[in-house]
Structure formats: structure tokens, C-alpha cells
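Novice: coords please:
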Amino acid sequence: MSGLEEKSLLTDAREDAFILFSDLSELVHKCREVASKCTNEVSSRITENTFNKLDQYLEQVFNIRDILSRQHLKVVFFGRTSSGKSTLINALLGEKVLPSGIGHTTNCFIQIQGTSRNEASLLVPIGEQGCFTETNVSNLTDIANALSDQHIDEKSLVVLNWPRSRCRLLEDDVILVDSPGIDVTKTFDDWIEDNCADADIFVLVANSESTIMMREKNFFREVSEKISKPNIVIVENRWDCTDFEERNVVDLVKSQHVERCGQFLVKDLKTTTQDDLMNRLFFTSGKEILNARMKEKSGYIQRKQDRLFQDRVDDFDRFEKLMKDSLTHTSIHTKYGSHCRTGKVICFELAKIFENLAKSGFGLKKQCLQERQELLSSIDCTEAEMKNITDTLRGQIKEMLEQTIQRVSVVFHEEINNLNDLINDFNIQFYDDKVVKLIFVQEMERFLVHGLIMNMKRRIGKQISSYVVQSQEDMVLQISQQLPECKRSTFLETIPANNPFEISFFIESSSSIDFNFNSNFQFSYGVFFWAREYISTFRKMFLGPHDTNNGSLLTVQNCSTLTAVSKLTLLALASQNSMAGMLASSFLCRRIGLRLVGGTLLTHGILYFYEKINWSSGGQERAIKEKFVLHLQGKLRMLVYTITSTCCQQIQQELQFTLAVVCKLVEESVDKMKREFESTEQKLGCLTEDLDILEDLIYSAEDIGIRIEDFEDNYLCSRG
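Specialist: Down below sits the predicted model:
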């Protein structure tokens, strides 16, 4: 391949790689945003470690993209203080250009880049604005030497423009960077990481009299985490110290270095294989090679050297050849190989992360769909069943009320008839006084009504109350069965605890107001008493309770004779004071004689005095009680409908209230299920949206991974 074709291929690779990693950086940035903005159901599956990985990938891709955006290859010579970095660069340049010596010599960063001019020049930074001033190269020793009083700031970068004709490594777009030794100060190490971490090739210059230390290893581990696995070449410098050692000792020390470098490159960093290890490990002496080449340029003919010297020369030639090959016809692989592997790993890890999230999301979506279906079924079933069971319960309440009416009516009638027994327990003192009689009647009414109410409660009050409470419990239980099992216990806990139902009987007869009682003594066997009774009976039979006017009497007289005779006959048979009785008495008097009449009158008088004495000693009280009980029983029988209606109204109100409360709680539970259904719908929509985004991210990661593989096939495999 010609130089023009190679440069064209390198340009195409640079453009394609930059586009690839720009797309990858956008993808990682989008992944980070999606991970932080996902719904709680999905984001809960994202651990802090995942966020840390995404942040690390984002930093890596940004750094890789910045490296790929530059057009030159960057080679950094890295190592501890006084390991011979500057001397090794001087050996590659063939001249002693950079300051070198024992101890800490290089005080700043020196960037060597090619120029088309024949003379070298030095650019020294001015201020902090990134401006440079050109000066003579001879000033480099004073400017960059830590031992000089004129050295510049440690964080500064000095640019050495070196003629490409004097160094083949600089013929292409290559820069060499000499760095101060690490572990001098913490600030030095931070500047070294800032200026050296983005190198395309790292030349780790180690002092062969020591070994690779943890500081060097940690630096390259950080490079591997922040960018890509570093492309490392290890030079065991100052290997000329073995000239005065025995051969077997030298071999043992060399084997030790090979083993430790293999442990570092192959097992720790995994940047190469065991078979390729010796192609990246060199044992030489930069100072020795520099002196030899400077003598060769001055025309000095060297004598034949020993085998150890020749081995060091051969290793340096191998190192120089590797550098030339890596920076020329294999520069595409050098610059892009490690980054492509890192890009594929990132794509694979992104796809894996979001595939796991998508898997969890699909599980959540399936669960949400199941929950939505269960809620929908529960809502429809509960509403339909609630309508049916409400109608059933109302029918049961109606049936219960009918039974209650019948039972209360029977018991009420029985208790009305039992007032004759109840009056015997009324023991208030009675006096024949108008005011006392009024109070006596009022208290008697209150006593009888209270006793009646207590007997009603005793006989059916508790029964009705327990029946109502049982009906309430059955009502709550039946309705709760219509709810899903998961909602049932919560529903039962929300039922308010009612006070036990107790039936109340309200009786207002006002019997004491319209009760009339003649407190005068009346002889029950007297003629006048009989006459009044007959007259009262006559009025009820002929005139009725309300018709006492003369018009009604005239009407009665015009009735048929047969009807009048029939009624008179009945009256004669019913009355003890009828005319027939008087005629019979007169006839008997004539027959029997005056002795019988006298005996009758004597008996009549004895009965009169007996009733009179009995009336004065409690008969009046008994009479008023009997009369009032009859009067109260009549009034109470008129209140049967009112009493039963009041009881039914209380029961209906209690059961209807319980039914309303329970139905309201069920409605609230259904409303809660509807809100849960809406929340599930919303959650399902968010999950679907998130899953679509995750699938797009997975597809994009896989697509970029495939594009990176195509890039490797097009640019790297053919150049490997």
C-alpha cells in the first residue's frame, strides 16, 4: 500500500471512529438520563453500582472521543524519577536534546513534534492563556531542568519542534511526550495523569535495578477504567548494569523481570498475551545507545563489543522498530484497536444492563396487567352483586318488619289484658279528695304504662334487639363477601362499632285526662241504680251513644209494633228491674206474706250497710282502679297500630342506617379500587413507555456494537 493510500485509509478510519464513538457517547449519555428518569418500578431495580458503571462508561467514551478527535498519535514516556526517560528519547532522536542526568532532572512536560523546517525550535508557554513564545533550543536545558534556577513551572508544557528529517519517528503525525517522574509530589502526579493518560502508546521506562512499583500499576489501572486498556511497551532501562554480574545471575534477574511484567500486562491489565509478551518487553540502556549513536555520527568507529552489549543494542533496535511499525503502517491498529475493544465491551454491558431492566419491566408489566384485570373484574362483580344483595336485604328487612308487627301486636294485646293483675301492685295511698283522686289516677296511669312497657321489653324487647344485631352482622358479612379477599379484612376493620340496638316503646294514652268517676256511694242493689243502668242500656240500644235529641225519639215511636215488642221482650229478659219482676214480686208478696217482704227488706238493708262500710274501707279505691283499668284498656287497644308502627320504624331505621353505612363503605372501597385501577393504568402506561425506550437503547447498543465490529473488519483485521 502506498503512502497516499495509507493516509487516505487513516483519514477514513479517523472519521468513522469519531462518528462511532460520538454516537456511543450520545447513547451512554441517554442511558444515564433514562436510568435516572425511569419510573419508580423500574428505577428501583437500578442499583448504585449500575449508576457508577454508567458514569464510568460516560467518562470513558468522552475521553476516547477526545483522543480520536486529534489527528496525531501521542507517545508518552512514563516512569519513576531517574529511570532514564529523557535519555531514552534522546537515543531515539540520536542527539542529546532533552536535559538528563542523575536524580530528578526533568521538571516539566516536554512535547516533541515534527516540523518541516531544518532547524529545531522551542515554544515556551507565556502566562495562562495558552500562548507560546519561540526561543532557542539551547535554552531547553535551563528551562526544563529541575536543577536549574531558571526552570519553569512544573505543570507547564514545553513544545520542541524537531526536524522530521533528523528523526524518522516524527515523519508522520506523531508526538513524543517526556514526563517528570512520578511520586515526586501529589501535585506532580495529578498533572502527569492530566497530560499523559490520553496517550496512544505508553512507554513505561523502568529502572532494571528495581521493579515495577504499585504507583505505576495504579496509574495504568486508572487509565484502563477511565479510557481503554492502555497500549503499553515496557523498557527495562539501564540494563548495562549487568556487565559486571555473572551470566547466570543476569539470566535469573531477567527471568524475574519477565515474570513480573507478565503478571502485570497479561494477568492484571490483560493488554497482551503471554506469547506476545516479549514483543512488548525490552532490556536495553538508553544512555549506552545514545553515546554509541552520537559517536557513530561523529565518525567514530566502534570496536567490537561483547555479547551483552550487542543484546542491548538488538533490544533497542527491536524497540525502535516496534515504535516505527506502530506509528506507521500499523498506526490504525495502534490508535483504534484498544478503543474498539473498549467500545464493544461498553455496548455489551449497556445491552446487558438494559436487557435485565427490560426483563424486570416486562415482569412488572405482566403483573400490572394481571392486577388491572383483577381490579376490573372485582369492580364489575362487586357492583353487580351489591345491587342484587341490596335488593335481597331490603326484602329481608320488609319480611322482618311484618313478623315484628304481628309479634308486637299479639304481645301488646296480651299485656293489655294483664293490666288487671298489674294493678294489684299499685300501692299509692288513696284519699277521698278531689285533688288526691286526680293525682292518684295520673300515678296509676304512669305505673300501668311503665309496667306495660317493661313487660313488653322483657318479653320481646331483647328478642327484637338480638334479632336486629344479628341481622346487622349478617348484613355486613354478606356484603363483605362480595369484596376481594385482599380487601375484605380492611373493610371489616373500617365498620364502625354501633352501640347494641335496644327497642323503645312509646305509649301516650292520656287516659287520666278523659277519665270520669263518680265518687258518691251507689248501692248496687238499689232501685235508682237499677233505673240508671236500664236507662243507660236503653239509650245505647235505641238511641246510640250520640243521638239523644227528640227527633230520634219520634222516629223510634213510629217503628213497627213487632219490632218494639221484640225489643221490650229482650229488655225484660235482660234487666233485673223489669216490670215483670215487679209484678212477680207483688204476686209473691200476696202469696208469701208480709214476713217474706220484711225479710227481704232486712236483707236489702244488710246489703246496703255492708256495701256502705265496704265502700268506706277501700271499696271506692277498688272501684276506681277497676274502672280506670277498663278505661285504659280501651284506650290502649286503640293504640295498637301506633305502637307496632313505632317499633317497626325504629327497626327499619336501624337496619336501613346499617345498610346505608355498609353500602357507603362498599362504595368507598369500590371507589378506592377504581382509583387503584386508574393508578395501575397510569403505571402500565409509564411501564410501556419505559420498555419502549429500553428496547430502543438495547437496539442502539447492539447496533453500535455491530458497527464497531464492521469497523474492525474494515480497518483493523486487514492491517493486523
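
Novice: Flag the shaky bits of the stretch 601-720 of the chain, pLDDT-wise.
Specialist: Screening the stretch 601-720 of the chain residue by residue with the criterion pLDDT under 70, one finds the ranges 604, 608-620, 718-720.

Novice: in it, which spans are helices?
Specialist: Chain-ordered helices for the stretch 601-720 of the chain, with DSSP state H, counting those that start in this stretch as the definition, fall at 620-637, 640-711.

Novice: How about the stretch 1-150 of the chain?
Specialist: Under the criterion DSSP H, counting those that start in this stretch, helices of the stretch 1-150 of the chain are mapped to 3-37, 40-43, 48-69, 85-93, 140-144.

Novice: In terms of mean pLDDT, which of those helices ranks lowest?
Specialist: The stretch with the lowest mean pLDDT among the helices of the stretch 1-150 of the chain is helix 40-43, which comes in at a mean of 66.

Novice: Strands of the protein, residue ranges please.
Specialist: 73-79, 109-115, 121-126, 131-135, 157-163, 174-178, 201-207, 232-237, 281-283 (DSSP state E).

Novice: how about those, which one is nearest Val250?
Specialist: Among those, strand 281-283 comes nearest to Val250, with 9.5 Å by Cβ to Cβ. For glycine as for every other residue, the C-beta is placed from the backbone atoms N, C-alpha and C.

Novice: so which of the helices of the stretch 1-150 of the chain comes closest to His257?
Specialist: With Cβ to Cβ as the measure, helix 85-93 is the member of these nearest His257 (16.6 Å).

Novice: chain center to that closest one: distance?
Specialist: Relative to the mean C-alpha coordinate of its chain, helix 85-93 is positioned 65 Å out (Cα atoms, centre = their mean, to the nearest Å).

Novice: which strands and helices sit next to it?
Specialist: Applying 3 or more Cβ pairs under 8 Å, 6 or more residues apart in numbering; DSSP states H and E, we find helix 85-93 packed against strand 73-79, strand 109-115, strand 174-178, strand 201-207, strand 232-237, helix 286-297, helix 307-327.

Novice: ok, now with 10 Å
Specialist: strand 73-79, strand 109-115, strand 157-163, strand 174-178, strand 201-207, strand 232-237, helix 286-297, helix 307-327 (3 or more Cβ pairs under 10 Å, 6 or more residues apart in numbering; DSSP states H and E).

Novice: Select, out of those, the one closest to Gln263.
Specialist: Nearest to Gln263 among the helices and strands packed on helix 85-93 is strand 232-237 (12.0 Å), distances taken as Cβ to Cβ.

Novice: Relative to the whole chain's centre, how far out is the closest one?
Specialist: On the basis of Cα atoms, centre = their mean, strand 232-237 is displaced by 57 Å from the centre of the chain it belongs to.

Novice: Give me the mean pLDDT for that strand.
Specialist: Strand 232-237 comes out with an average pLDDT of 92.

Novice: what are the C-alpha coordinates of that strand, in PDB please?
Specialist: As requested, C-alpha coordinates have been extracted for strand 232-237 and formatted as PDB (Å, rounded to 0.1, in the frame of the first residue of the first chain):
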ATOM      1  CA  ILE A 232       2.000  -0.400  27.000                       C
ATOM      2  CA  VAL A 233       5.600  -1.100  26.000                       C
ATOM      3  CA  ILE A 234       8.000  -1.700  28.900                       C
ATOM      4  CA  VAL A 235      11.600  -0.800  28.600                       C
ATOM      5  CA  GLU A 236      13.900  -2.100  31.400                       C
ATOM      6  CA  ASN A 237      16.400   0.700  31.100                       C
END
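
Novice: mind listing what it pairs with, with the direction of each?
Specialist: Partner strands for strand 232-237, per DSSP bridges, with pairing direction: strand 201-207 (parallel), strand 281-283 (parallel).

Novice: could you check the angle strand 174-178 makes with the longest one?
Specialist: Going by axes from the mean of the first three to the mean of the last three Cα atoms, to 10 degrees, strand 201-207 is angled at 30 degrees with respect to strand 174-178.

Novice: roughly how far out does strand 201-207 sit from the chain middle?
Specialist: Remark: strand 201-207 is offset 55 Å from the chain centroid, using Cα atoms, centre = their mean.

Novice: if we can go back for a sec, among the strands of the chain, which is nearest Phe711?
Specialist: The stretch from the strands of the chain with the least distance to Phe711 (Cβ to Cβ) is strand 73-79; that distance is 17.9 Å.

Novice: could you check the angle helix 48-69 makes with that closest one?
Specialist: Interaxial angle of strand 73-79 relative to helix 48-69 (the same axes, to 10 degrees): 120 degrees.

Novice: Any buried residues in strand 73-79, and which?
Specialist: 73-79 (16 or more other Cβ atoms under 10 Å).

Novice: What's the mean pLDDT across that strand?
Specialist: If you average the pLDDT over strand 73-79, you get 86.

Novice: so what strands line up beside that strand?
Specialist: The strands beside strand 73-79 in its sheet (DSSP bridges) come out as strand 174-178 (parallel), strand 201-207 (parallel).

Novice: still on that earlier bit, show me which of the helices of the stretch 1-150 of the chain has the highest average neighbour count.
Specialist: When you average the neighbours per residue for each of the helices of the stretch 1-150 of the chain (mean count of other Cβ atoms under 10 Å), helix 85-93 leads with a mean of 26.

Novice: now the angle from that one to strand 232-237?
Specialist: For helix 85-93 and strand 232-237, the angle between their directions (the same axes, to 10 degrees) works out to 100 degrees.

Novice: correct me, but Val662 touches Gln472?
Specialist: Yes - assessed by Cβ atoms under 10 Å, Val662 is found in contact with Gln472 at 8.6 Å.

Novice: so Ile89 makes contact with Phe78?
Specialist: No - contact criterion Cβ under 10 Å: Ile89 and Phe78 do not qualify, at 11.8 Å.

Novice: which neighbours do the two share?
Specialist: Residues touching both Ile89 and Phe78 comprise 177-178, 203, 205, with contact defined as Cβ atoms under 10 Å, 6 or more residues apart in numbering.

Novice: Which of these lies at the shortest distance from Thr105?
Specialist: So of the shared contacts of Ile89 and Phe78, ranked by how close each gets to Thr105 (Cβ to Cβ), first place is Asp178, at 10.2 Å.
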